[in-house]
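A.B. asks: here is a sequence with its predicted model. Questions after.
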Amino acid sequence: MKKFFYTLLVLVLGLLLINSVSAKDDSKNINLTCISNDKSMTQTVIIFRDKSSKLNKKIGFVNGNIVTVDETAASYILKHEIGPEESTKEEKIQVTHVINRTTGVKSESWIVPNGKNVFYSGKCQLVKPKF
């Protein structure tokens, strides 16, 4: 009887553990491939939860550059700077990517210190494993 009870207890605890892991399953990475409308640029975007943050913030990468991620109901807003480490924030290029979470439409703006701003638009798709 004790053996049956312990087996049942292990089964129940195992099922509870599996369900709690499934509830936290939204922590998976979001992997995107984004192609500009003129097909001149392809970018790899990865968005994931910052496990070290107690605020459950998201961070990510755009072509290997670390970005901050703000998530709204409608979009992901990714921001980073380009420029030498010793440069001030005002001297660096401010890059903002806005990705629509429903359609995948992406707009990208580069605010350049010399006033010559650059804008790109394109489309992102989820990367699905080929296996």
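C.D. replies: Done, it's in. Numbering: from 1, shown residues only.

A.B. asks: the strands in the chain, which residues?
C.D. replies: In order along the chain, the chain carries the following strands (DSSP state E): 30-36, 42-49, 58-62, 65-71, 75-82, 93-100, 105-111, 118-126.

A.B. asks: can you redo the ones you listed as JSON lines with mean pLDDT?
C.D. replies: Formatted as JSON lines, those follow (pLDDT from 0 to 100):
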{"stretch": "strand 30-36", "mean pLDDT": "94"}
{"stretch": "strand 42-49", "mean pLDDT": "93"}
{"stretch": "strand 58-62", "mean pLDDT": "92"}
{"stretch": "strand 65-71", "mean pLDDT": "92"}
{"stretch": "strand 75-82", "mean pLDDT": "94"}
{"stretch": "strand 93-100", "mean pLDDT": "95"}
{"stretch": "strand 105-111", "mean pLDDT": "95"}
{"stretch": "strand 118-126", "mean pLDDT": "94"}
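
A.B. asks: for Val118, see how far away the spatially most central residue of the chain is.
C.D. replies: Most central in the chain under Cα atoms, centre = their mean is Ile47, positioned 1.3 Å from the mean C-alpha point. With the distance defined as Cβ to Cβ, to the nearest Å, Ile47 ends up 23 Å from Val118. All C-beta spots, glycine's among them, are computed from the backbone N, C-alpha and C.

A.B. asks: tally of neighbours for Tyr76?
C.D. replies: Neighbour count for Tyr76, taken as other Cβ atoms under 10 Å: 22.
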